[in-house]
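Q: sequence first, predicted model second:
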Amino acid sequence: MLLVVKQFRAVVQAMHRHYRYVERKCGVSGAHVWALAEIAEAPGIKVSDLARALAVHQSTASNLVDKLEQAGFLVRQRRREDWRVVRLSVTAAGRRLLGRAPRPLPGPLQDALLRLPLSRLASLETELAALLRQMHATASTSTTLLAEVIK
């Protein structure tokens with residue numbers, strides 16, 4: 001049991017180090033870098049789709065977009081065919097920021113999870129759900145990005 005506790009602690013510490021390094025190197029949080037990377041991968045993405053990609057509430061994604069736009073790292077665009085839909089694109093300054101950002105852009109936990117075989121990821125999900133039940137807790141419905149919590 002103590003080994004598992006130490007492993008959880010190591011995961012949190014590794015993420016904490018990564019996000020501190022991102023902020024020192026880029027001047028923005030790891031959450032902002034991840035959001036910008038998602039937008040760069042899908043130019044013209046809508047805020048709702050960005051929220052889904054980041055697994056956060058749309059208002060959280062909107063707040064990230066506001067800050068990135070204010071910093072000059074992205075622009076919002078509307079197309080003539082539907083003025084209601086706002087599309088996001090990375091600016092040249094945003095591309096420069098991504099170029100100097102430490103890898104992996106989404107963060108070490110997200111990257112490691114993406115690299116797991118689907119069977120192991122499903123098993124991890126099942127085991128974590130069981131752990132949460134034992135703790136009388138539920139998976140977070142929080143709108144806060146993990147990168148913001150770990151800082």
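A: Received it, and whenever you're ready, just let me know what you need. Numbering: from 1, shown residues only.

Q: low-confidence bits of the protein, can you list those?
A: Low-confidence segments of the chain, defined by pLDDT under 70: 140-151.

Q: which helix in it runs the most residues?
A: Ranked by residue count under DSSP state H, the longest helix found in the chain is helix 2-26.

Q: mind giving me the packing neighbours of that helix?
A: For helix 2-26, the packing partners by 3 or more C-beta pairs under 8 Å, 6 or more residues apart in numbering; DSSP states H and E come out as helix 30-41, helix 92-100, helix 108-115, helix 146-150. C-beta: built from backbone N, CA, C; applies to glycine.

Q: okay, these, which one's buried deepest?
A: helix 30-41 (a mean of 24; mean count of other C-beta atoms under 10 Å).

Q: next SSE after it?
A: Counting by DSSP states H and E, the element after helix 30-41 in chain order, helix or strand, is strand 45-46.

Q: what is the helix or strand harbouring Ala53 packed up against?
A: Ala53 is part of helix 47-54, with elements assigned from DSSP H and E. Under the contact criterion of 3+ C-beta pairs under 8 Å, 6+ apart, helix 47-54 touches helix 30-41, helix 58-70, strand 82-90.
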